[in-house]
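A.B. asks: how would this look folded up:
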Amino acid sequence: MSKRSAKRKKSARHFVQVACISLVLLLTLDVGRYFFYPDVDRLLEENPTKTAFMEYREAEWQRDGLVDKRIEQKWVPLRNVSQNLIKAVLIAEDDKFWQHEGFDYKAMERALERNILAKKFKMGGSTISQQLAKNLYLSPSKNPVRKIKEAILTWRLEKTLSKRRILEIYVNVAEWGDGIFGIGEAARHYYGVTPAKLSAQQSAKLAAVLPNPILFSPIGTSRYVRNRSSIIYTIMRKRGVVVPDFKEVIMESVSDTTAVDSVVIGVPEYLLDQARSADSSGVSGGESSGVATPAHSSGIPTEGKSGKESNLSTP
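C.D. replies: Coordinates of the predicted model:
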């Protein structure tokens, strides 16, 4: 081997080493900046106007030539949002919200197991805090680097904001339909009421479509929405969150003696069994109920959405 050839190989190795080191440094800087940026403290006093996910949707509309399409959103203080809606969303998306510090590790473990079995990087198992971090500041892309950024931002949100504030922002920036963001606009668009007037069944349907509000509508005829919202509503009733009207009570042959369960506690397995049983009896004909294995083994069916899966966890 000539000296010139050996020198070229040495130079090539040096170039690769420098390139790799530079790439690692760039990735470190890119991820590390999220420990300081953006300014999460502003959310203590200011309501976010436009989120990164809203900008992502607007970019999609621009690419599709929908230049006149606009974001529809109306901010509503949490005190003016029906407790039915709050509890339905927590049951469907993050049942351990009040207990965890931003991460549901058991849910993440189950999601990882599903990813391995499916041989796809689909993630899932995200809490409301994680979903909010992504919606506010990141793209819906599915890659490990984005998830690391999301974890940093989630930690900062939980450290800076109260649980109540996190929940308030979440329900006001969540996507509930094509161009429909926030519960204020969703309640008006679908049911013609203010968020404070949402009934338990309406709330269950709104919570049911959160995994994919573009594909599903709370007022549509989808079997997925019907089954999922029915289970959410049944769990609300079993917990004592919803009081059945008098006609329903007197028609029941056996009184329900299930102890009232706090909305902040994980859903007991026996309660989910009762919910599944009650829901499957309402499916007409010989069809199956359509209930698929959920993100958190809850019995609530889920369907894929770009970058998101629903979260109903069990203890």
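A.B. asks: my read: residue 188 touches residue 196, true?
C.D. replies: No: here residue 188 lies out of contact with residue 196, judged by Cβ atoms under 8 Å, at a distance of 11.8 Å. For glycine as for every other residue, the C-beta is placed from the backbone atoms N, C-alpha and C.
A.B. asks: Could you measure from the residue found closest to residue 214 once you drop the neighbours it is linked to in the chain over to residue 199?
C.D. replies: What sits nearest to residue 214 in space, not counting adjacent residues and going by Cβ to Cβ, 6 or more residues apart in numbering, is residue 178, at 5.8 Å. Residue 178 sits 23 Å away from residue 199, going by Cβ to Cβ, to the nearest Å.
A.B. asks: ok, which stretches of the stretch 101-250 of the chain are helices?
C.D. replies: 105-118, 128-137, 144-160, 163-173, 183-191, 200-208, 223-238, 246-251 (DSSP state H, counting those that start in this stretch).
A.B. asks: What residues of the longest one count as buried?
C.D. replies: Neighbour counts using 16 or more other Cβ atoms under 10 Å place 146-147, 149-158 of helix 144-160 among the buried residues.
A.B. asks: which residues sit in contact with the closest residue to residue 160 other than its chain neighbours?
C.D. replies: The shortest distance from residue 160 to any residue other than its chain neighbours is 4.9 Å, reached at residue 40 (Cβ to Cβ, 6+ apart). Contact partners of residue 40, counting by Cβ atoms under 8 Å, 6 or more residues apart in numbering, are 153, 156-157, 160-161.
A.B. asks: What confidence value was assigned to residue 40?
C.D. replies: Looking at residue 40, its pLDDT is 94.
A.B. asks: do the same with the one 4 residues further on
C.D. replies: As summarised for this prediction, residue 44 has a pLDDT of 95.
A.B. asks: my guess is it contacts residue 164, does it?
C.D. replies: No: judged on Cβ under 8 Å, residue 44 makes no contact with residue 164 at a distance of 11.9 Å.
A.B. asks: need the next SSE after the helix or strand residue 12 falls within, C-terminal direction.
C.D. replies: Counting by DSSP states H and E, the element that carries residue 12 is helix 3-32. Note on helix 3-32: by DSSP H and E, the next helix or strand toward the C-terminus is helix 52-63.
A.B. asks: Identify all contacting residues around that following helix.
C.D. replies: With contact meaning Cβ under 8 Å, 6+ apart, helix 52-63 is reached by 67, 69, 71, 73, 134-140, 173, 175, 179, 181.
A.B. asks: per-residue confidence averaged over that helix?
C.D. replies: Rounded mean pLDDT across helix 52-63 is 94.
A.B. asks: Only the buried residues of it, if you could.
C.D. replies: Buried, per 16+ other Cβ under 10 Å, within helix 52-63: 52-54, 56-58, 61.
A.B. asks: With stretch 64-81 instead?
C.D. replies: 71-76, 78, 81.
A.B. asks: Skipping adjacent residues, who's closest to residue 47 in space?
C.D. replies: Here the residue nearest residue 47, using Cβ to Cβ, 6+ apart, is residue 75, at 5.4 Å.
A.B. asks: so what's the one you found up against?
C.D. replies: 47, 172, 182, 184.
A.B. asks: and if we set it to 10 Å?
C.D. replies: 47-49, 168-169, 172-173, 182-185 (Cβ atoms under 10 Å, 6 or more residues apart in numbering).
A.B. asks: got it, and residue 197?
C.D. replies: Contacts of residue 197 by Cβ under 10 Å, 6+ apart are 80, 82, 84, 187, 191.
A.B. asks: Kindly provide the distance from the first one to residue 187.
C.D. replies: Think residue 80. Distance from residue 80 to residue 187, by Cβ to Cβ: 10 Å.
A.B. asks: hang on, residue 166 packs against residue 100?
C.D. replies: No: with contact defined as Cβ atoms under 10 Å, residue 166 and residue 100 do not form a contacting pair (11.5 Å).
A.B. asks: which one of the two has more residues nearby?
C.D. replies: residue 166 (21 against 18; other Cβ atoms under 10 Å).
A.B. asks: lowest-pLDDT helix or strand in this protein?
C.D. replies: Ranking every helix and strand in the chain by mean pLDDT, DSSP states H and E puts helix 246-251 at the bottom, with a mean of 43.
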